[in-house]
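Novice: only geometry, no sequence info:
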């Protein structure tokens, strides 16, 4: 028996010996335990945020039921697991309850809205690389909550009058910050939270620019919700058209405001992660490649792209057309890398600098890891990477090109005696 099962079993034994439990008729066990644990939920909320409102208790009950649906065969065990789960996630529950109480300022029926979105399957846990099946049990209630909050907040911002929105900007910002903490701590990658997050930041830009109406915000959110529906229906071209409208709208209105570039990159990166479609992603690269302002801040996106491909020396193909361009072989069938490469027009100078920096990191990491593994395995065999490592320690991209060609020649045995000026005896 593992530790968690043993703990549940021991606590179940303690519960069954409790004098209150013994007063509950077995045919009314669920109802009796509901009343008993209602008091626990109340104390739990008081301990965490000193607020035992019915909304707080209802949310806790809803989340625990998502995590541990009722099992009529194991009623006591089910309730014990709920308690253990709540105790384990106390830190996160503080943020969850604080978000709820902030939203209550705008929407008194927030619990009903969350339940409606769940029951109508507007919010679902969709199995993907970001949300694998083995994480579903753990992340399910949190992701359902955070996605629901994201969509609800978009609708609240959409429906609120402009003055009220500006007056409550700090509260919206707090909701965003608390949701960010949950999203990061639990690695939820909530798509609808990202939609709300960017909208929250755009609302702050509107305030910073002293715009006196919410026309831009309404256009943006309406397009955002259409895009969400298109993605859900797998209408990728339509989804990108909506995203492009958002990009044009935002760039036309905020490109001269400090910090806007970082918000745009965050928006583009979130779309890249959300939509697993090569054409859509290539179009995102095109937006950045054709915008000198965004290129400077684009390393986060291109790190995501480059780490998907293997440019280590042993992966090189003999028919590689250009030994100085590690992209050449991969370009043949890849629309994303073709978009970055640029064909006859070439890669913009600013983007080349970004890519160089990223490649330098990967190159150094490759040889660092190689040396580390060799030392750990206590291998005495001579390896040319020992020599190259010294050179790469000086971050010389030009030297790497020469070494890259040497390695390629070694791999394909093109020369009996290979000499490279950058490898010193």
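Specialist: Happy to help now that I have it. Please read all numbers here as calculations on a predicted model, not as lab measurements. Residues are numbered from 1 along each chain as shown.
Novice: low-scoring stretches of the stretch 301-425 of the chain, by residue?
Specialist: Counting by pLDDT under 70, the low-confidence segments of the stretch 301-425 of the chain come to 309-334, 337-338, 341-346, 348-349, 358-359, 362-425.
Novice: Residue 153 against residue 103, yeah?
Specialist: Yes - proximity of residue 153 to residue 103 meets the contact threshold set by Cβ atoms under 8 Å, at 7.1 Å. C-beta here means a position set from N, CA and C on the backbone, and glycine is covered the same way.
Novice: where do the contact lists of these two overlap?
Specialist: residue 175 (Cβ atoms under 8 Å, 6 or more residues apart in numbering).
Novice: Can you find the helix or strand of this protein with the lowest average pLDDT?
Specialist: Here the helix or strand of the chain ranked lowest by mean pLDDT, DSSP states H and E is helix 384-392, holding a mean of 43.
Novice: does the residue most central in space within the chain sit in a helix, a strand or a coil?
Specialist: The residue lying closest to the centre of the chain (Cα atoms, centre = their mean) is residue 189, at 3.2 Å. When the structure is split into helix, strand and coil by DSSP: H, G, I helix; E, B strand; the rest coil, residue 189 lands in coil.
Novice: Report the separation between it and residue 69.
Specialist: Using Cβ to Cβ, to the nearest Å, we find residue 189 at a distance of 24 Å from residue 69.
Novice: So this structure: which segments form each domain?
Specialist: Under the assignment automatic domain parsing, the domains of the chain span 1-88, 92-276, 312-425.
Novice: Helices of the stretch 101-250 of the chain, start to end?
Specialist: In chain order, the stretch 101-250 of the chain shows helices spanning 110-119, 136-159, 162-167, 169-185, 191-208, 215-232, 236-254, with DSSP state H, counting those that start in this stretch as the criterion.
Novice: chain center to the shortest one, what's the gap?
Specialist: Between the centre of helix 162-167 and the centre of its host chain there is 29 Å, according to Cα atoms, centre = their mean, to the nearest Å.
Novice: Got the phi and psi for residue 298?
Specialist: Backbone torsions of residue 298, given as degrees, to the nearest 10, read phi -90, psi 0.
Novice: my guess is it meets residue 354, correct?
Specialist: Yes - with contacts counted by Cβ under 8 Å, residue 298 reaches residue 354, the gap being 5.8 Å.
Novice: which of these two has more neighbours?
Specialist: residue 298 (24 against 20; other Cβ atoms under 10 Å).
Novice: what mean pLDDT would you report for stretch 237-256?
Specialist: When the per-residue pLDDT values of stretch 237-256 are averaged, the result is 94.
Novice: Give the buried residues for that stretch.
Specialist: Of the residues in stretch 237-256, those buried under the neighbour-count criterion (16 or more other Cβ atoms under 10 Å) are 239-240, 242-243, 245-247, 250-251, 253-254.
Novice: do stretch 42-62 as well
Specialist: Neighbour-count burial for stretch 42-62, counted by 16+ other Cβ under 10 Å, picks out 42, 44-45, 48-49, 55-62.
Novice: Can I get the residues you listed in a markdown table including pLDDT?
Specialist: Converted to a markdown table, these look like this (pLDDT from 0 to 100):
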| residue | pLDDT |
| --- | --- |
| 42 | 91 |
| 44 | 92 |
| 45 | 94 |
| 48 | 94 |
| 49 | 94 |
| 55 | 95 |
| 56 | 95 |
| 57 | 94 |
| 58 | 95 |
| 59 | 96 |
| 60 | 95 |
| 61 | 93 |
| 62 | 95 |
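Novice: So which of the residues you listed sit within helices?
Specialist: 42, 44-45, 48-49, 55-62 (DSSP state H).
Novice: from those, which is closest to residue 183?
Specialist: Out of these, the one with the shortest distance to residue 183 is residue 59. That distance is 17.5 Å, counting by Cβ to Cβ.
Novice: Cross-check the contact I'm expecting between that closest one and residue 100.
Specialist: Yes - counting by Cβ under 8 Å, a contact exists between residue 59 and residue 100, whose distance comes to 5.6 Å.
Novice: To residue 94, which of the helices of the stretch 101-250 of the chain lies closest?
Specialist: Taking the helices of the stretch 101-250 of the chain one by one with Cβ to Cβ, helix 169-185 is closest: 8.8 Å.
Novice: And that closest one, what's buried?
Specialist: Neighbour-count burial for helix 169-185, counted by 16+ other Cβ under 10 Å, picks out 172, 175-176, 178-183.
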